[in-house]
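> Predicted model and sequence below, questions to follow.
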Amino acid sequence: MKAMTKLMLALVVLGLTFTGCSNEDSVAQEEQNEDISEVRLSSEIDKAASVVGDIIIDAYEGQELSDSDRLAEGQSRNGLPDCVTITIVAQQGFREVTVDFGTEGCVVHGHLLKGQIVFSYTRDPEAQQVLITYDLINFFFDAKNIIGSKTLLKELSNDNGNPQFTHTLDMTVIWPNGAQASREGLRIREWVEGFGSGVFSDNVFEIMGNWSTTFVNGNTHSYEVITPLRREVICFFFVSGSVDVQRTNFGGTFDYGNGDCDNQATFTFNNGNVIDVTLN
């Protein structure tokens with residue numbers, strides 16, 4: 001009888017041990033999912049920042065072509081659909097360009113945009129650098145409210161002989177469900193293919209830089225590009241490149257793949273665990 005009692009007690013303890021391990025594993029998995037959910041949201045900010053940069057760069061280049069009387073027939077729309085209205089104010093070299101997507105919205109490069117992007121610069125064809133200052137006015141990107149006002153510094157030729165844009169980031173993103181995050185840092189965009197062709201669809205950029213994202217719950221993530229993020233403007237997502245991600249209680253590498261245009265990525269935790277990520 002005593003032996004049976006001891007056996008039953010051992011089974012109970014063993015069962016509690018496995019249950020405890022199972023609960024701990026479940027909690028750890030939930031925490032991991034919560035961690036990666038913020039990384040996924042941050043990737044959405046990356047995408048929004050890239051599209052805003054694409055539009056400013058393309059509208060700027062289109063205006064410069066127009067001013068230089070080199071704009072060929074069919075290139076005046078800067079790769080933007082007819083639902084986008086571009087208004088230009090020109091005064092003694094100063095340019096203010098308003099890119100208006102309307103209050104109802106306009107689908108641009110696969111994304112529904114609303115509101116305005118207003119940017120200005122001083123035109124000097126001989127300058128090696130041009131500072132472009134922009135404001136986002138009542139601007140929405142796929143239902144996310146994007147608030148921002150910062151600069152793009154264009155270098156006509158970097159060490160590789162390519163145009164380069166240094167984007168100073170300072171924006172806040174508010175999702176429809178109330179989630180909110182702010183982004184600060186630098187994104188350096190090297191124009192590696194398509195420059196000077198006058199065709200939007202062949203533009204390719206490689207992006208380096210570092211930035212931080214802070215969520216309203218106080219969580220702050222720091223990011224540094226390890227392998228250049230390849231941005232082919234005909235694709236809705238980065239096609240390759242990787243970013244080092246660090247936060248207080250976890251870290252790892254976010255990887256966009258090896259060149260395929262798809263919404264798949266991976267996140268490798270510092271402990272070696274790898275999970276698949278589907279981008280929105």
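Good, I have the coordinates.

> which residue is nearest the middle of the chain?
Nearest residue to the geometric centre of the chain (CA atoms, centre = their mean): D46, 1.1 Å.

> Any chance of the backbone angles for it?
phi -50, psi -50 (degrees, to the nearest 10).

> cool, the one 5 residues further on as well?
In this entry, V51 is assigned phi and psi values of phi -70, psi -40 (degrees, to the nearest 10).

> Kindly report the same for the one 5 residues further on.
Its backbone dihedrals place I56 at phi -60, psi -50, with angles given as degrees, to the nearest 10.

> With E44 instead?
phi -70, psi -40.

> Then N270?
Reported as degrees, to the nearest 10, the phi and psi values for N270 are phi -60, psi -20.

> Which pLDDT value belongs to it?
N270 carries a pLDDT value of 92.

> check contacts around the residue nearest to the centre of the chain.
229, 238 (CB atoms under 8 Å, 6 or more residues apart in numbering). C-beta here means a position set from N, CA and C on the backbone, and glycine is covered the same way.

> for T87, same thing?
97-98, 100.

> Which helix or which strand is home to D244?
Using DSSP states H and E, D244 falls within strand 240-247.

> Need the contact partners of the helix or strand immediately after that strand in the chain.
From strand 240-247 onward toward the C-terminus, using DSSP H and E, the following helix or strand is strand 250-258. Contacts with strand 250-258, where a contact means CB under 8 Å, 6+ apart, come from 32, 35, 39, 43, 226, 229-230, 237-245, 264-270, 277.

> picking that back up, partners of the strand holding D244, with directions?
strand 220-232 (antiparallel), strand 250-258 (antiparallel) (DSSP bridges).

> Same question for stretch 114-132: list its buried residues.
114-119, 121, 130, 132 (16 or more other CB atoms under 10 Å).

> per-residue confidence for E155?
For E155, the pLDDT comes out at 94.

> In contact with it: list those residues for me.
Contacts of E155 by CB under 8 Å, 6+ apart are 128-129, 163-166.

> Also I57?
152, 165, 189, 191.

> any idea how far A143 is from the nearest residue to the last one once chain neighbours are set aside?
I take that to be W191. In space, and not counting its chain neighbours, W191 is closest to P163: 4.4 Å by CB to CB, 6 or more residues apart in numbering. P163 is 32 Å from A143, where distance means CB to CB, to the nearest Å.
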